[in-house]
Structure formats: structure tokens, C-alpha cells
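Chemist: from the sequence below, what's the structure:
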Amino acid sequence: MKNTKYFPFERVNYFYGKLLSVEDFRLEQKYGNDKRRMLNRFLYGAGVVTGMNVVPVDNTTVLIESGLALDASGREIVIDEPEVCRLQTLEGFSDYEEDRNTGYLYLCIAYEEEETEPVHSISQVGKANSGAFNKIRESYRLYLTRNEPETDYLSDKSLYESAQTICWTKGIRVKHILPKFVPSGGRMELKIEVENMGQQENFAFSYELELNCLSYEGRSRLSVSFDELLFEKSGRYTFSYMLDVFGVKDTQAMISIVPKSFKLRIGQNQTEEKAEGKSYVYVSGHSQKDEVARNYFEKGMEHVLQDGSSQDLYLAKISLLRAGDSVVIDKVEKMPFGQYVASSFLNHALLQMNEQEGRDSNGLEGRLTDSTAVKRSDNYGISIAEGEEEIELGVGASKGKKLFSREISHGLGMGRTTIILSQEGTETKEAYFGAPGIFKEDLPQIELAAKTDAQKGTFTIGVHVLSTTAKERIRIHWTAIQDKKELLQEKKERHIFIRPNVLNLNTRESYYLEAVCSNMTDTAIIWKVKDHGGTIDENGLYTAPNTAGVYEVTAESVAYPEVKASIFVIVREKGNDYSEL
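Modeler: Have a look, this model is predicted:
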């Protein structure tokens, strides 16, 4: 049953007097399995249906919870009981040992069969090996790999979105994420995803993009820049640019990197790195949803069967740390490529929630449309984005009515942002800030407010109707402003350094750590130890735990909680270098 080819479908033709052979019974099983697996793949997809969460148990061990998945050939993979795995014992870990520059591994699962219950075979009498296996057990195989999936078609996003890695160097990866289809004359979002996969120093980069059938602020070139200091420290960052699509139809728009334009700075060192790639977007005269559906129905079978049956499921991305000869788990990211299968039960529940959401938004809370065109500029460290939002108040909007928009991405990235809102007047060139009734009594009397999310780079508009109005809709202009110079200066000014930066202790041994505060009037520090890795008092006296391992100690400013620093303490058994960790 390891054959993954579905076709042709053949079943046994029974008749009186037919002599049944082993091949007939095998064909009977294959026919039923192939039909079911084909329906699994084409009707439900491939990925985890439920469970199979990967959680760290200790520094070298993970737990895979029970669950159900469908592989790329429609075969069912079942983990009936939670399984504990030590990374060093899994297939593929030796590749990581050979390449010390890699800071992570992917944990994958694959369908596998094994023969069980050995029995005596009459047909083998007199032969050296007279045994056979009575049953075949459907099982699975867990393994580690450094390689990513060859394609992303196991994710639902692959139907409408494409991703391309343009640069991967020194623990930094940069991706372009674009829609596969865009309407002619419309707008599209170019998302840029940056992953920090082990780079300890702050980094920044810039490069130029050549646009074909696309433009940015009227130009055929786009300058992309990123500085990690402008973002809250994390392993992944995302920012975006809104591009205008030319009024062409049934053609490919293209985004390409200008050769030798990619510049990378790590710490204070500037380098020119290789970055290349061309991304294509199909410009259509129809909506994006229509094109996704058309493309799926026309090419779905070819897309699924071409070469994907050999692709396995990626359950987790496991980031690792090295301390001498020791290897420990830093963090575990579940389902890094979003390989899920949504059951009809879940889809039905989500559909009901969407319907309820629509009823609510058409009721007392009103309804808002999606954001319209966004313009973005960046001058002298001040970034500005502009856009519009049309709000339908409904018939006879009553006093006290409140409306709230969905999250709007302003395109300036993460960080503190100022939002300025104004109401459009009866003349399109008029805009009213504050209370519009001071100027015109016939305008809807409303209050405007905005709530920002610095982590997501989004904001939400709130509208409060102050007096009943016959107007059914209003148009709101918004402006988002970020002073990146101020943010950069703030982050550069305040720092915490821990001395020493690496510490080696024996179990139950103690050591005083020193937190050095730079450009901070209030130097009060909160000390923390992660994962029960010992204790530390308010004076910085750290005491190692009873168990050997690698533990993280953090110093956090009381006055400025966003300013913090951490070091790793390597704890060994006394008289043992613990190289087998």
C-alpha cells in the first residue's frame, strides 16, 4: 500500500467458479483505499486536521500530542497516544551536527507502513525463510530536516498568495509575499517578511525594486529599507507597500530586484549581499476571488498530482542554541507553514460566526467598508500614510450610535503611530477636523477616534453619532504619521548590559551578576530566570539549580519595561562537562 498512484481504478469482477488469488484480494483493498484517499485529497486537502501540537518538555526533548492528519496523497496519519521524542535520537539530527551555522530544524511527519505479526507460510515450506507477516500496520515516521517544502501548495494561502525568498544570509531571511491575482487598475499589497534566525546583532538592509505594470507613488521603482532597531525585538517582522496596478488585462505584472542593490548592515559592518528574484502577479479584468476559483477549477488536479505526493507535513520549527558541545531547545514554533485541514464542522461554525458578525454590523453598531487607496511617503525620518474610509450610517442614524471599523493596516510597520481623522464635507475638497457643526450645520454631527496597535502596525476607527441625522454615509480621511528618528533615538539611548555576558557554573553554585544601565536616570532593575533555571535575588545574586542545562537570566528596567537584556548561564554537574546534553 505504499503506492501513491490513484489511477486507473480497477476492481475485481466476481463470478461463479472464479479462482481468487492473492492479487485479487490486494486489488480489492487498493480499490477501496485509492477511492477514499482521492476524496480525502481533493475534497478536504492535506495537513493536520486536529491535534499534533509540538511542545517542549525540557532542553532536548519535545512532546507530540495525539492527533489526525491527511498527507499529500490523502492517506490518514494517526498519532493515537502522545509521543515523547529526544531530538538527538530522531533521523536527521546528524545533519544539524555537521552544519553548526544552522540555528533550527523542522520536525516532520510522514505516513509509513510496517509489517507485523510474523506467521508460518505454507507456500514457503522447505525454503530457508518460511515465514510471512500476517498484518500491515499503518503508522508514521518522525524526522528532522533543515530543508523547507519545495512548494507551499499544502497551505490554503497557496491558492491566492505566493511567497519568494530573495535573500538568505548570516541568519537573516527576506521574503516577498504577493497576491497571485489582482484586478486591472486596482491596488495590491507587497508584503515583506523578515526572519531573524539566530543573528544576535541589530541589522538593517535596503534594496531597489524594478516594477513592471505596477507603480509606487507614480514611479516604476521602489526603495525598500528595514532597520531592526525600529521594531520590537522578535524573530519575525512584516511590513508592506501599496502598489498601483496598470489598467492592463490578462498579463503578468512583475517585481524584480535591481542587481547589486541589496546592502546589509550588521552592527556597524556594512556588506553587499546577493539578493535576486522575480515575482509575478496576474493582472485580470475580474475580481481576485473569481480568478482564484477559475484557476483552481481549471488546474486543480494537475496542481495536486504533479509532484506533491512526496511532500510530508511540517509540524514544528525548532530553534536551537549551542553552548560549547551542548545543544538545547530555544523555542518551538508550531505549524510554521500553516499546513492545516479545516473540517466541515469547523467551517460551518466559522460561517455561522461570519453571518452573525454581519447581522451585528448591520444593526446598532453600523457598518464600515474596507479602506480605499493608501498613499505613503517618507521624508527626513518622518513616515506618512494617507487613506479613506467610507462609513455607512444606515437610514436615520440615531443619537448615541457607535460604529467601529475592522483593523486597517497603515503600511508604516510596527511602532508608535499618530492617527489624524477628518470628515469629508459636501464638497470633495473640504475636510473638517473636530466638530464639523461649527462650520456647517447640515453635516452629520459626529465624534471621531482612533485606536492604534503598535505591535501589528494597524489602527481602528471609532465613530460616535452626536445627533440623529438623515445622512446614510460619511467619508473619513485618515493620516498616519510615524517619527522614526525619534523612535530610533529612543532605542539607541537606553541600554542594559549584563556582566558577564556568558556564565559557566556548577549546579547549586552562586554568582553576582551586574546590570549596567546606559542613559537611564532610573536604574532600578527586575531580575528574572526562565524555566525554573535557578533563583536570583534583587541584588543580582544568581544561584544555579540542581539540574544541569542552559538557562536564560533577564534584567528588565522598571522605568522602561521595553529596555531589557539577557544572558545564558551554562550549568554543569560538578566534575562533568555535560557534553552529552
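
Chemist: contacting residues for residue 451?
Modeler: Contacts for residue 451 were tallied using C-beta atoms under 8 Å, 6 or more residues apart in numbering; they are 459-460, 462. The way it works is simple: take the backbone N, C-alpha and C, and place the C-beta from them, glycine included.

Chemist: count of neighbours near residue 548?
Modeler: 21 (other C-beta atoms under 10 Å).

Chemist: typo on my end, it should be residue 483
Modeler: Counted with other C-beta under 10 Å, residue 483 comes out at 17.

Chemist: pretty sure it contacts residue 382?
Modeler: Yes. Between residue 483 and residue 382 there is a contact under C-beta atoms under 8 Å: 5.7 Å.

Chemist: residue 348 sits in which helix or strand?
Modeler: Element membership for residue 348 (DSSP states H and E) is helix 344-361.

Chemist: likewise residue 29?
Modeler: Per DSSP H and E: helix 22-39 holds residue 29.

Chemist: pLDDT of that helix, averaged?
Modeler: If you average the pLDDT over helix 22-39, you get 88.

Chemist: contacting residues around it?
Modeler: 1, 3, 6, 9-12, 73-75.

Chemist: return the distance of that helix from the chain's centre.
Modeler: Relative to the chain's own centre, helix 22-39 is displaced by 38 Å; criterion: C-alpha atoms, centre = their mean, to the nearest Å.

Chemist: ditto for stretch 7-16
Modeler: Worked out by C-alpha atoms, centre = their mean, stretch 7-16 lies 47 Å from the chain centre.

Chemist: before we move on, what about stretch 83-91?
Modeler: 25 Å.

Chemist: would you put the C-alpha positions of it in PDB?
Modeler: Extracted in PDB, the C-alpha atoms of stretch 83-91 (Å, rounded to 0.1, in the frame of the first residue of the first chain):
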ATOM      1  CA  GLU A  83       4.800  10.600  21.900                       C
ATOM      2  CA  VAL A  84       7.900  12.000  23.700                       C
ATOM      3  CA  CYS A  85      11.000  12.300  21.400                       C
ATOM      4  CA  ARG A  86      14.600  13.300  22.200                       C
ATOM      5  CA  LEU A  87      15.900  15.300  19.300                       C
ATOM      6  CA  GLN A  88      19.300  13.500  19.300                       C
ATOM      7  CA  THR A  89      17.500  10.200  18.600                       C
ATOM      8  CA  LEU A  90      15.500  11.400  15.600                       C
ATOM      9  CA  GLU A  91      16.500  10.900  12.000                       C
END
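
Chemist: what's the average pLDDT for it?
Modeler: Stretch 83-91 comes out at a mean pLDDT of 89.

Chemist: same deal with stretch 252-266?
Modeler: Per-residue pLDDT values over stretch 252-266 give a mean of 90.

Chemist: buried set for it?
Modeler: 253, 255-257, 261-266 (16 or more other C-beta atoms under 10 Å).

Chemist: helix, strand or coil: sort out the closest residue to residue 107 other than its chain neighbours for me.
Modeler: Spatial nearest neighbour of residue 107, excluding adjacent residues (C-beta to C-beta, 6 or more residues apart in numbering): residue 316 at 4.4 Å. Under DSSP: H, G, I helix; E, B strand; the rest coil, the three-state class of residue 316 is strand.

Chemist: test my guess that residue 73 contacts residue 41.
Modeler: Yes. Counting by C-beta under 8 Å, residue 73 does reach residue 41; the two are 6.6 Å apart.

Chemist: which residues of the protein fall in helices?
Modeler: 22-39, 93-98, 288-305, 344-361, 484-493 (DSSP state H).

Chemist: of the ones you listed, which shows the lowest average pLDDT?
Modeler: Among the helices of the chain, helix 484-493 scores lowest, with a mean of 60.

Chemist: how about the buried residues of stretch 252-266 in CSV, adding distance to residue 226?
Modeler: Shown next, in CSV, are the buried residues of stretch 252-266 (distance: C-beta to C-beta, whole Å):
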residue, distance to residue 226
253, 23
255, 17
256, 19
257, 14
261, 14
262, 11
263, 11
264, 10
265, 10
266, 13
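
Chemist: which among the residues you listed gets closest to residue 500?
Modeler: Nearest to residue 500 out of the buried residues of stretch 252-266 is residue 266 (C-beta to C-beta; 23.0 Å).

Chemist: now that closest one: closest residue in space, sequence neighbours ignored.
Modeler: Closest to residue 266 by C-beta to C-beta, 6+ apart is residue 203, at 4.7 Å.

Chemist: can you pull the contacts of residue 86?
Modeler: Contacts of residue 86 (C-beta under 8 Å, 6+ apart): 60-61.

Chemist: going forward, begin numbering at 21 instead of 1
Modeler: That works, and once the first residue is 21, the last one we named lands at residue 106.

Chemist: and the gap between it and residue 403?
Modeler: 48 Å (C-beta to C-beta, to the nearest Å).

Chemist: may I see the buried residues of the helix holding residue 49?
Modeler: Across helix 42-59, burial judged by 16+ other C-beta under 10 Å covers 50, 53-54, 57-58.

Chemist: ok, residue 474 to residue 424 distance?
Modeler: Relative to residue 424, and taking C-beta to C-beta, residue 474 is found at 19 Å.

Chemist: which of the contacts of helix 42-59 are buried?
Modeler: Buried among the contacts of helix 42-59 by 16+ other C-beta under 10 Å: 26, 93-95.

Chemist: quick one: low-confidence parts of the stretch 321-470 of the chain?
Modeler: 321-330, 343-345, 374-401, 414-417, 446-449, 456-457, 460-462 (pLDDT under 70).

Chemist: the same query, at a cut-off of 90, please.
Modeler: Applying pLDDT under 90 to the stretch 321-470 of the chain flags the ranges 321-332, 338-470.

Chemist: before we move on, back to that, so among the buried ones among the contacts of helix 42-59, where is pLDDT lowest?
Modeler: residue 26 (72).

Chemist: let me see the contact set for residue 486.
Modeler: 419, 465-467.

Chemist: among these, name the buried ones.
Modeler: 465-466.

Chemist: ok, the contacts of residue 486 vs residue 182, which is closest?
Modeler: residue 466 (41.1 Å).

Chemist: okay, and the beta partners of the closest one?
Modeler: Residue 466 forms beta bridges with residue 485, as assigned by DSSP bridges.

Chemist: how about residue 531?
Modeler: residue 562.

Chemist: kindly report the same for residue 138.
Modeler: Beta-bridge partners for residue 138, by DSSP bridges, are residue 153.

Chemist: so what's it scoring on pLDDT?
Modeler: So, for residue 138, pLDDT stands at 84.
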